[in-house]
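>>> sequence and predicted structure below; questions after.
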Amino acid sequence: MHPIEFIQLMLASGILVFILFISFIFKGKRRKRIQGLALLFLVSFGIIYFVRPSWTDIQIEKKVSYIQLHLEKKYPGETWEFRTVPHREDGYESSNPYFIGVIFDNEPQVEYTYFARNKHDITQQGFSTSNSKSDLLHLE
């Protein structure tokens, strides 16, 4: 478990305990309503916590398709492959999954990093290379 996830769980647990503690101060209908609020908070947090990875996957697929269209327009006739961050695996929590790596087939030693905010706002954020003397053919 990544420290950020641990902090999120601790914060949500603290809020839940606080709401339940407040509910025990009241009696009758107010207690039931506040406990209902606590239950609603618990269910909402659970849904967000378990749906977020799938939502991230959907967003990454959409951004890759935007970048694909951008590259087809900018570099017609060339081929490339994409690299995305495996954000569900341990060890990649600190990497931003929305930065998409692109490796062109005619320049395999360089990986260009792209970021797509939307269909029309795609920027090249940087590059990494294994050969410091390589000529950067696709630098924007």
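Arrived safely. Residues are numbered from 1 along each chain as shown.
>>> from here on, contacts and neighbour counts on C-alpha atoms
Fine.
>>> list the contacts for residue 84?
Contact partners of residue 84, counting by Cα atoms under 8 Å, 6 or more residues apart in numbering, are 97-101.
>>> filter those residues down to the ones in strands?
Mapping these onto strands (DSSP state E) picks out 99-101.
>>> looking at these, which is nearest residue 66?
Among those, residue 100 lies closest to residue 66 (Cα to Cα), at 10.8 Å.
>>> count of neighbours near the closest one?
22 (other Cα atoms under 10 Å).
>>> for it, give its distance to residue 88.
As for residue 100, its distance to residue 88 is 16 Å (criterion: Cα to Cα, to the nearest Å).
>>> quick one on the thing from earlier: redo the contacts of residue 84 as JSON lines? Include distance to residue 113 and pLDDT.
Below are the contacts of residue 84 laid out as JSON lines (distance: Cα to Cα, whole Å; pLDDT from 0 to 100):
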{"residue": "97", "distance to residue 113": "11", "pLDDT": "89"}
{"residue": "98", "distance to residue 113": "10", "pLDDT": "92"}
{"residue": "99", "distance to residue 113": "6", "pLDDT": "94"}
{"residue": "100", "distance to residue 113": "6", "pLDDT": "94"}
{"residue": "101", "distance to residue 113": "5", "pLDDT": "94"}
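>>> which one of those sits closest to residue 59?
residue 98 (8.0 Å).
>>> mind listing what the closest one touches?
Here residue 98 is in contact with 60, 63, 84-85, 115-116 (Cα under 8 Å, 6+ apart).
>>> any low-confidence regions in this structure?
Within the chain, the segments meeting pLDDT under 70 span 1, 133-134.
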